[in-house]
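> Show me the folded form of this:
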Amino acid sequence: MSLKLMENCDFASRIIEEPSNDESCKRKNKKTKTNRERSNKPSKKLKKKTSNKAELPLAFKEKIEQMGGDEVKFVIEKELTNSDVTQNNGRLSIPKGKINESFLTPAEESYLDYERNK
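Numbering: from 1, shown residues only. I've put the predicted structure just below:
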């Protein structure tokens, strides 16, 4: 291993004992980012906590009530996937982490807990 001068890195005039190549330079720069250089985007946890509770659009609520629904709740907002809309699947996936409001009765929750623990 020879001594090389790494001119393209933040530590430009340092002499180090490893080959000088762009990859090692990039790796070292990634590790030394300061707080100012990091993204100002809020973390996912912060986004969840600060998001406003969405409400079911009035047209949807009225249609559900016309069809005989009661206790109308806004449960989830998500982009539909192919498996959500495929007629043969007969299901709509609801990720646990995206549920806005619980919609199961205590008996239904108990049944599902029992089935999961089998």
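> what about Ile76, distance to Gly97?
10 Å (Cβ to Cβ, to the nearest Å). C-beta: built from backbone N, CA, C; applies to glycine.
> more neighbours, those two?
Ile76 (14 against 7; other Cβ atoms under 10 Å).
> and the more buried one, helix, strand or coil?
coil (DSSP: H, G, I helix; E, B strand; the rest coil).
> For it, which residues are in contact?
By Cβ atoms under 8 Å, 6 or more residues apart in numbering, Ile76 lies in contact with 94-95, 98-100.
> Going by distance to Ser110, which of these wins?
Among those, Ile99 lies closest to Ser110 (Cβ to Cβ), at 17.4 Å.
> What are the boundaries of the strands in the protein?
When assigned using DSSP state E, the strands of the chain occupy the ranges 4-5, 15-16.
> What about Cys75, how many residues nearby?
Small correction: residue 75 is Val, not Cys. When neighbours are counted by other Cβ under 10 Å, Val75 registers 15.
> From Gly97, how far off is the nearest residue to it once chain neighbours are set aside?
Nearest residue to Val75 in three dimensions, chain neighbours excluded: Phe103, at 5.0 Å (Cβ to Cβ, 6 or more residues apart in numbering). Separation of Phe103 from Gly97 (Cβ to Cβ): 15 Å.
> what does Leu58 give?
Leu58 sits 27 Å away from Gly97, taking Cβ to Cβ as the criterion.
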